[in-house]
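Q: give me coordinates for this.
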Amino acid sequence: MKSRRELAQEQFNLVQDIRYKLDLNIVTCGNCGTVLLHKSDVENIHCYECNEQMEPCHCPDLWYDSDINNYDEPIKEESKVIWPKGTIIEWNETSLNYNAKGGARARVTEDYTTLCETVKVEFLDDLSNGQKNGGYYSYMFKDEPIKETPPTSQCGNQDTFDKVKEVIQILKTLDNGDCVDGETMQYILEQVGMEGQILKQLVMENDYKVTKDLMREKFELDL
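A: The predicted model follows:
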């Protein structure tokens, strides 16, 4: 598909063909602006619309070579990501107009770029004080995002960490925010083949007394 500049250049080339091949010039009346044609050697131009007569120098050409520049394609601003989706940012300061307290943490839910008017976030901690998730002006947050420490070696890969956070968010928002229940979580662990390993890790990391109490409870239930 041709650009506006290319189409304008074609029109100008046709005007030039008329001028040099037919010895005709296309101008506009210097008095009323009507488009007129005249031979290149005339001394006066008589406008049929306003009935004015004038020298050719008073009737500007319909097209000038420089007019092509008016049809340059606009330069599109390149979008640059400032805060990618998943970035943790911090509320700037406490304000009477907002519930959130200074230092409240929020997660960016969509890439915030140089073309965005607002940054879309979800609040993460108690300092949000019930502040609604949504779009806010970037100046309401501190410029420097909070760098999260990967909780595991596998999460050291940022793409993996982002996916893990998405999974966690999905589990938290099941049933309109009621969060995943224990039975469903157990089913998920079974489906990914991690039930036995998680059981072992919990036993090894738990306080011995807690594990002992659970074993006693299990023994009593089986009687």
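Q: Gln131 against Leu124, yeah?
A: No. Gln131 lies out of contact with Leu124 (Cβ atoms under 8 Å); the separation is 10.8 Å. All C-beta spots, glycine's among them, are computed from the backbone N, C-alpha and C.
Q: and Asp207, how many neighbours does it have?
A: Asp207: 8 surrounding residues under other Cβ atoms under 10 Å.
Q: I misspoke; the intended subject was Asn129.
A: Residues lying near Asn129 (other Cβ under 10 Å) number 14.
Q: same deal with Asp126?
A: Residues lying near Asp126 (other Cβ under 10 Å) number 10.
Q: roughly how far does it sit from Val119?
A: Going from Asp126 to Val119 by Cβ to Cβ, to the nearest Å gives 21 Å.
Q: could you check how far the longest helix seen in the chain is from the centre of its chain?
A: Counting residues, the longest helix found in the chain (DSSP state H) is helix 4-21. Computed by Cα atoms, centre = their mean, to the nearest Å, the chain-centroid distance of helix 4-21 equals 40 Å.
Q: returning to that earlier point: so what sits against both of Gln131 and Leu124?
A: Common neighbours of Gln131 and Leu124, using Cβ atoms under 8 Å, 6 or more residues apart in numbering, are Ala104.
Q: export the least confident helix or strand in the chain by mean pLDDT as CSV, just CAs?
A: Here the helix or strand of the chain ranked lowest by mean pLDDT, DSSP states H and E is helix 174-177, holding a mean of 78. C-alpha atoms of helix 174-177 as CSV (Å, rounded to 0.1, in the frame of the first residue of the first chain):
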residue,chain,number,x,y,z
LEU,A,174,-10.3,-18.8,42.4
ASP,A,175,-14.0,-18.6,43.1
ASN,A,176,-14.0,-14.8,43.0
GLY,A,177,-11.1,-14.4,45.4
